[in-house]
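**Q** kindly generate the corresponding structure for this input.
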Amino acid sequence: MEIFFKGLVLLLGISGLLLSRYIFQKKRAGSKMVCPLDSDCETVVHSEYSKLLGVPLEVIGMVYYSFISISYVVFLFSPESATELWVFSAIAITTTALLFSCYLVGVQAFAIKEWCTWCLTSAFFCLLIFISMLLGLDGGLRGILLENKFLIGIIHTLSLAVSVGAISMSSFLFFTFLKDLRIADWESETMRTTVQFVWFSIAVVIMSGIGVYLPHWGIFLAQGKLPVLLIAFVVLLASLICVDFLITPTLTRISLGENHTHQKGELLFLRRGAFVASAVACVSFYFIFSVTFLGGVLISFSTLVLGYLVLLLCAIAGALIFERIFNTRS
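**A** Next up is the predicted model:
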């Protein structure tokens, strides 16, 4: 059965590589793509979201699927070469790819508001690869995580630190750009790049966090930290989705004069919502960062929840006051 799932991962990896290459060739040739879902693939693959930190997503897809295909050729035909680190790297990269695929599906649904059949197929391939990879593990997932717990801990620590810095910078730029209630084209491009980096770093935090907490989830659950961290993460993700998929695209469309039914007071409402959501996201991440590094310090679940709620209320109040000051000066 393990050989079957490894073979399935190889087949999916080759299929994903061919799909990514198809998109790459079509874009390079400037020819129109056929979209079986009768939607607008062209709008999606040529949108401002079609690159990650300047690199076309189809190129990143080709690199990822090539890595998976080569890895599973080795795992199938030379099992003794499949080191624990190699297997763990494949799982970690696939988990990150799956989480980023979820982000891209959200972009299609809320920001671009168009669907690309090939992009959705690639996301589905990532999901199937992830599931098949876990089912095809020789020693089980827990064994892999325990074997690489030191490396996972380092990745989790670094990704948390990078994410805190990234989300702080992103929020600062967002507040600065919102002074005039509008987001210019270059400001939108800058925000898009920083937001992509934030989402990528969050994907790494989630991936490494699973590796840290899953092997000892019972202990962390009993301490009360894990449930609070999950609550804070849900609030964080909801805030970022609100800012990145709802508020920012609307402000950009208004600023660039695109089709939009404008309502009285809408700009002020959007800016106020952006300030609150960004503040909540920042405080949530700072809280997650702090609780994670409390280590063996025992704090009750109720104390952590109360502290988090107080921080959220302070963040919301501070954001509204800050927005009022901005509104008075502008």
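**Q** other SSEs contacting the helix or strand hosting residue 85?
**A** For residue 85, the enclosing helix or strand under DSSP states H and E is helix 84-106. For helix 84-106, the packing partners by 3 or more CB pairs under 8 Å, 6 or more residues apart in numbering; DSSP states H and E come out as helix 57-77, helix 117-135, helix 141-147, helix 149-177, helix 185-213. The C-beta positions use only the backbone N, C-alpha and C, and glycine is treated the same way.
**Q** of those, which shows the lowest average pLDDT?
**A** In terms of average pLDDT, helix 141-147 trails the rest of those, at a mean of 77.
**Q** give me the number of residues near residue 249?
**A** By other CB atoms under 10 Å, the residues close to residue 249 number 18.
**Q** after the one helix or strand it maps to, which helix or strand is next?
**A** Using DSSP H and E, residue 249 falls within helix 248-255. Sequence order places helix 266-292 as the next helix or strand after helix 248-255, per DSSP H and E.
**Q** packing partners for that following helix?
**A** The elements that helix 266-292 packs onto, with contact taken as 3+ CB pairs under 8 Å, 6+ apart, are helix 149-177, helix 225-241, helix 248-255, helix 301-329.
**Q** for it, buried residues please.
**A** Residues 267, 270-289, 291-292 are the ones in helix 266-292 that count as buried (16 or more other CB atoms under 10 Å).
**Q** got the angle for it vs helix 301-329?
**A** Computed by axes from the mean of the first three to the mean of the last three CA atoms, to 10 degrees, the angle separating helix 266-292 from helix 301-329 equals 150 degrees.
**Q** chain center to helix 266-292: distance?
**A** A distance of 17 Å separates the centroid of the chain from that of helix 266-292, by CA atoms, centre = their mean, to the nearest Å.
**Q** next up, the contacts around residue 60.
**A** Residue 60 is in contact with residue 52, counting by CB atoms under 8 Å, 6 or more residues apart in numbering.
**Q** follow-up on the earlier one: how about residues contacting the helix holding residue 85?
**A** Outside helix 84-106, the residues within contact range by CB under 8 Å, 6+ apart are 49, 52, 57, 64, 67-68, 71-72, 74-75, 119-120, 122-123, 126-127, 129-130, 133-134, 137, 141, 144-145, 147-148, 151, 155, 199-200, 202-204, 206-208, 210-211, 241, 245.
**Q** can you flag the buried ones in those residues?
**A** Applying 16+ other CB under 10 Å to the contacts of helix 84-106 flags 49, 52, 57, 64, 67-68, 71-72, 75, 119-120, 122-123, 126-127, 129-130, 133, 137, 141, 144-145, 148, 151, 155, 199-200, 202-204, 206-208, 210-211, 241, 245 as buried.
**Q** what residues are up against the nearest residue to residue 15 once chain neighbours are set aside?
**A** In space, not counting the residues next to it along the chain, residue 15 is nearest to residue 125; the distance is 6.3 Å by CB to CB, 6 or more residues apart in numbering. Residue 125 makes contact with 12, 15, 16, 19, 65, according to CB under 8 Å, 6+ apart.
**Q** am I right that residue 32 is in a strand?
**A** No - the assignment for residue 32, made by DSSP: H, G, I helix; E, B strand; the rest coil, is coil rather than a strand.
**Q** do I have it right that it meets residue 40?
**A** No - Residue 32 lies out of contact with residue 40 (CB atoms under 8 Å); the separation is 10.5 Å.
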